[in-house]
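# sequence and predicted structure, then a few things I'm wondering about:
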Amino acid sequence: MRTEEIIEVKKKSIQKWPKVAIIILNWNGWKDTIECLESVFRNTYPNYQVIVIDNGSTDGSLEKIKNWADGKQEVLTPDPSHPLYHLSHPSVKKPIPYIYYNREEAEKSGNFILEEKVTKEWQKQRKANIKELTPTSTYPLIFIQTSENLGYAGGNNVGIRYVLKKDNYNFVWILNNDTVIKENALVEIVKRAKDNKKIGILGPEIYFYEKSEILHSCGAKMNLWTGRGKFIKYKKNNRIYNKNCTIDWVSGAAIILKVEMLERVGLFFEDFFLTYEETDLCCRARRASFKINTTPFARIWHKGMLSRGDPVLEYYLTRNRLIFMKRNANIIQYFSFLCFYFIGTLKRFLLFIIQGKNKVAKAILKGVFSGISK
């Protein structure tokens with residue numbers, strides 16, 4: 001087969017696969033972000049563009065990540081003995097071209113002419129390096145600086161607004177910066193989405209990074225009578241869901257959103273700032289008749305599982321649970337939830353007081369009053 005024919009076959013293959021925007025939000029975590037990017041840029045999906053949002057970092061993150069793209073910064077994690085080392089090593093070939101926007105420029109859709117120019121130049125370079133470990137994306141990396149910490153919802157929404165201003169994206173994959181992905185994860189997710197047009201949101205199987213064979217979750221259920229969510233888990237050879245299984249919500253660590261769904265339902269609710277953003281979006285999507293689904297064999301590994309007992313986390317969990325229920329439960333469900341909420345919150349408050357963790361107890365109390373006032 002001649003070179004021209006090979007190129008034409010590749011073009012048709014890319015057109016067959018919907019375009020995906022992979023949004024990675026960074027806040028003072030450049031080492032994790034670089035490892036994540038290395039795993040993303042070797043994934044086998046043929047039509048994706050990576051967008052890194054820096055949420056006003058104060059540790060020089062964006063410069064470090066730019067240096068990585070220029071080939072001037074090594075990947076520092078993980079240790080070579082780590083079982084997931086192969087997902088980010090050896091490094092893909094650099095430099096990787098990138099375009100930088102501030103928040104205002106990005107939310108106005110960026111610079112179309114510049115993006116087209118850089119994309120064409122990059123695709124020519126990639127052809128010349130076809131035998132090397134070249135990044136699999138045919139598009140330049142997009143950097144967006146928000147200049148302040150907008151939280152999970154606000155930061156990711158900046159990237160989503162940039163995507164929605166375009167007309168050539170079909171999916172948005174929100175991916176935590178402290179994750180690494182299996183090479184075929186995105187292929188499996190998009191296959192599942194294409195098989196069922198009613199699906200609006202999907203998630204992969206999420207495993208613990210430090211215990212790479214142990215599952216953290218493959219979706220979750222939400223009980224609006226108690227206001228409690230529960231991650232679905234299964235034994236390795238005893239899956240509790242099948243190809244047609246739908247769930248209530250998926251983890252925001254790796255949530256893929258159909259652009260069609262976002263256009264109808266809207267973006268993340270930014271008042272949450274931290275926690276409950278993805279749960280709220282999934283509930284709104286379900287009310288709009290979209291299905292939420294998980295994807296067997298699409299696997300990622302996540303480092304930063306939040307632990308209870310941190311004052312900031314306890315404040316937002318206590319506050320946002322009230323806000324979430326006000327937005328998503330009916331009146332009867334809401335009053336049922338309040339009974340469970342105040343009993344459970346009082347127990348946690350007293351427990352931290354007994355343990356001498358007064359800052360945590362104070363954060364819980366503050367979260368209650370803040371949630372009530374919203």
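It's in.
# who's in contact with Ala285?
Each residue near Ala285 by C-beta atoms under 8 Å, 6 or more residues apart in numbering is listed here: 200-201, 261, 265, 292. From N, CA and C alone the C-beta is placed, and that goes for glycine too.
# kindly recompute the last result at 6 Å.
200-201, 261, 265 (C-beta atoms under 6 Å, 6 or more residues apart in numbering).
# can you give me the strands for the stretch 151-300 of the chain?
171-176, 179-181, 199-208, 215-217, 220-223, 228-231, 246-247, 254-258, 291-302 (DSSP state E, counting those that start in this stretch).
# quick one, helices of the stretch 101-250 of the chain?
103-107, 112-128, 151-164, 185-195 (DSSP state H, counting those that start in this stretch).
# any idea of the pLDDT on Lys124?
In this model, Lys124 is scored at 87, pLDDT.
# measure how buried it is and give me the count.
9 (other C-beta atoms under 10 Å).
# distance of it from Tyr139?
13 Å (C-beta to C-beta, to the nearest Å).
# likewise Ser57?
Counting by C-beta to C-beta, the gap from Ser57 to Tyr139 is 24 Å.
# what does Ile323 give?
Taken as C-beta to C-beta, the span from Ile323 to Tyr139 is 37 Å.
# wait, which of the contacts of Ala285 is closest to Arg192?
Minimum distance to Arg192 across these is 11.3 Å, recorded for Ile201 (C-beta to C-beta).
# buried set for the biggest helix by length in the chain?
Criterion DSSP state H: the longest helix present in the chain is helix 331-354. By neighbour count on 16 or more other C-beta atoms under 10 Å, the buried set for helix 331-354 is 333-334, 336-337, 341, 345, 348-349, 352.
# and the contacts of that helix?
Counting by C-beta under 6 Å, 6+ apart, 224-227, 325, 360-361, 364 sit against helix 331-354.
# could you export the strands of the stretch 151-300 of the chain as JSON lines, including distance to Ile99?
Below are those laid out as JSON lines (distance: least, C-beta to C-beta, whole Å):
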{"stretch": "strand 171-176", "distance to Ile99": "18"}
{"stretch": "strand 179-181", "distance to Ile99": "23"}
{"stretch": "strand 199-208", "distance to Ile99": "28"}
{"stretch": "strand 215-217", "distance to Ile99": "34"}
{"stretch": "strand 220-223", "distance to Ile99": "36"}
{"stretch": "strand 228-231", "distance to Ile99": "37"}
{"stretch": "strand 246-247", "distance to Ile99": "36"}
{"stretch": "strand 254-258", "distance to Ile99": "23"}
{"stretch": "strand 291-302", "distance to Ile99": "26"}
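# out of the ones you listed, which gets nearest to Tyr316?
Comparing those by C-beta to C-beta, strand 228-231 comes nearest, at 14.7 Å.
# avg pLDDT for that closest one?
Strand 228-231 comes out at a mean pLDDT of 86.
# list the helices and strands it packs on?
strand 220-223 (3 or more C-beta pairs under 6 Å, 6 or more residues apart in numbering; DSSP states H and E).
# pull out the buried positions in the strand it packs on.
Buried-residue list, strand 220-223, by 16+ other C-beta under 10 Å: 220, 222.
# just the CA atoms of it, as PDB, please.
The C-alpha trace of strand 220-223 is given here as PDB (Å, rounded to 0.1, in the frame of the first residue of the first chain):
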ATOM      1  CA  ALA A 220     -22.400   4.100  42.300                       C
ATOM      2  CA  LYS A 221     -26.000   4.200  43.500                       C
ATOM      3  CA  MET A 222     -27.700   7.100  45.300                       C
ATOM      4  CA  ASN A 223     -30.500   6.800  47.800                       C
END
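# how far does it sit from its chain's centre?
Computed by C-alpha atoms, centre = their mean, to the nearest Å, the chain-centroid distance of strand 220-223 equals 19 Å.
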